[in-house]
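# here is a sequence with its predicted model. Questions after.
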Amino acid sequence: MIKTIAFIKRKPALTREEFARHYEEVHAPLAARTFPTIKKYVRNHIIQALDGPDPDFDCISEFWFEDQAGIESLYEIWGSDAGKAVREDEESFIDSANTRAFVVDERVSDL
């Protein structure tokens, strides 16, 4: 499995609650239907910072894929007519200029 994470920033006109509601009720189901190579999709909505100032993002989203080909397929669909609805929806609530995404090497410790 391969994992990507995205630090997602909401549009300034939205509250965190409005952003989270749209993400959960509209965008996440749309993305799950549109991108079949996503094997697991987790959204971590920021509630508060434990120390220091609030972060400059509102959600950490995690996406798991079987392999690199799964990620590449997502980007192919993203750029196609099939991905248009997802792209347009993101434009309505995500500040894309201040959102960052990464492929990561997840390591888990058994406690």
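Yes, it's here.

# Phe35 - how many residues pack around it?
Counted with other C-beta atoms under 10 Å, the neighbours of Phe35 add up to 21. Just so you know, the C-beta spots here come from the backbone N, C-alpha and C atoms, and that holds for glycine as well.

# how far away is it from Arg87?
12 Å (C-beta to C-beta, to the nearest Å).

# mutual contacts of these two, please.
Common contact partners of Phe35 and Arg87 (C-beta atoms under 8 Å, 6 or more residues apart in numbering): Trp78.

# mind showing which ranges of this protein have poor pLDDT?
The model of the chain has no residue with pLDDT under 70.

# now the helices for it?
16-22, 28-34, 68-78, 84-93 (DSSP state H).

# what are the bridge partners for the nearest residue in space to Arg43 that is not next to it in sequence, then?
Using C-beta to C-beta, 6 or more residues apart in numbering and skipping residues adjacent in sequence, the residue nearest Arg43 is Ser61, 5.2 Å away. When bridges are called by DSSP bridges, Ser61 pairs up with Ala6, Arg43.

# residues contacting Ser61?
Ile5, Ala6, Ile8, Tyr41, Val42, Arg43, Asn44.

# who wins on neighbours among those residues?
Ile8 (25 neighbours).

# mind listing what it touches?
Phe57, Asp58, Cys59, Ile60, Ser61, Ile94, Thr99 are the contacts of Ile8 under C-beta under 8 Å, 6+ apart.

# widest-spaced pair of those residues?
Largest separation among those by C-beta to C-beta: Ile60 and Ile94, giving 13.3 Å.

# looking at those two, which is more packed in?
Neighbours were counted for Ile60 and for Ile94 using other C-beta under 10 Å; Ile94 has more, 22 against 15.
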